[in-house]
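S.K.: Build me a model:
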Amino acid sequence: MFIILLAGFSCGAILAYQCAYAFGMFGAEAMTGATVALALCRELGPVLTAIMVAGRASSGMATVIGTMRVTEQIDAMKTMAVDPVQYLIVPRVWGTVLMMPVLTAVMDFIGIVAAYVVGVMLSGVDYGAFEAMIDGMLRPFDVYGGLIKAAFFGILVSFIGCYKGYYAAGGAKGVGEATTDAVVYASVSVLILDYFLTMILW
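M.R.: Sure thing, here's the model as predicted:
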């Protein structure tokens, strides 16, 4: 949560500062709030959250499951007639899918709060115009669509982390490689999937 709050605040603050500067060149500072809100809810919120989760959780999944693989704990589970996929992977995937929209909503909210702080309090954007443009341009589906994206990213990130860990081999070196691969593959896959989801949803 701390990582999400920090990333969301930083992203919203930077976006608001740059938008206020750019729109100020032709007297459209009021667009700052709506631009930041749309960018966060549609794209940056889900994508940045997924990348943060990939670095924090997907790597952890690969490490834990990979360690269990190279120490033959997964083989022992199979010997005891315990399905390792149902026991190790399914709960992690469900947990990530359920929490990704929640974390994304938190990032969207804190990003818009940061945009208000920087845009209104520091850059001099009118508060009424800032709020009115968000109300007028941000549609409910812009928010829901971002949360739908987040759920898909949760499936992708958790599945890649579990997959790389489940098929890790080669001792400690193999676990390290699986962890690195999980973060890299998950982050790149999120960016690719984001393009296609954006085309479908909007």
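S.K.: Quick one: distance of the helix or strand of the chain with the lowest mean pLDDT to the chain centre.
M.R.: For the chain, scoring each helix and strand by mean pLDDT, DSSP states H and E identifies helix 127-137 as the least confident one, at a mean of 84. Mean-position distance between helix 127-137 and its chain equals 26 Å (Cα atoms, centre = their mean, to the nearest Å).
S.K.: what packs against that helix?
M.R.: helix 31-39 (3 or more Cβ pairs under 8 Å, 6 or more residues apart in numbering; DSSP states H and E). C-beta here means a position set from N, CA and C on the backbone, and glycine is covered the same way.
S.K.: List of residues touching stretch 92-111?
M.R.: 1, 4-5, 7-9, 11-12, 15, 36-37, 40-41, 44-46, 48-50, 52-53, 57, 61, 143, 146-151, 153-155, 157-159, 161-162 (Cβ atoms under 8 Å, 6 or more residues apart in numbering).
S.K.: Using the three-state scheme, assign E29.
M.R.: Recorded secondary structure, E29: coil (DSSP: H, G, I helix; E, B strand; the rest coil).
S.K.: count of neighbours near it?
M.R.: Burial measure for E29: 23 neighbouring residues, criterion other Cβ atoms under 10 Å.
S.K.: so how far is Y17 from it?
M.R.: With distances defined as Cβ to Cβ, to the nearest Å, the gap from E29 to Y17 amounts to 12 Å.
S.K.: Would you mind listing the residues touching both of those two?
M.R.: Any residue near both E29 and Y17 by Cβ under 8 Å, 6+ apart counts here, and that gives 119, 123.
S.K.: pLDDT below threshold where in this structure?
M.R.: Low-confidence segments of the chain (pLDDT under 70): none present.
S.K.: who does the helix of greatest length in it touch, helix- and strand-wise?
M.R.: Determined from DSSP state H, the single longest helix within the chain is helix 171-201. Here helix 171-201 touches helix 45-53, helix 59-70, helix 140-166, going by 3+ Cβ pairs under 8 Å, 6+ apart.
S.K.: what angle do it and helix 59-70 make?
M.R.: Helix 171-201 and helix 59-70 meet at an angle of 140 degrees, taking axes from the mean of the first three to the mean of the last three Cα atoms, to 10 degrees as the criterion.
S.K.: Any buried residues in helix 171-201, and which?
M.R.: Applying a neighbour-count criterion of 16 or more other Cβ atoms under 10 Å, one finds 174-175, 177-179, 181-183, 185-187, 189-190, 193-194, 197 buried in helix 171-201.
S.K.: quick one on the thing from earlier: what's the angle from the least confident helix or strand of the chain to helix 31-39?
M.R.: Here helix 127-137 runs at an angle of 40 degrees relative to helix 31-39 (the same axes, to 10 degrees).
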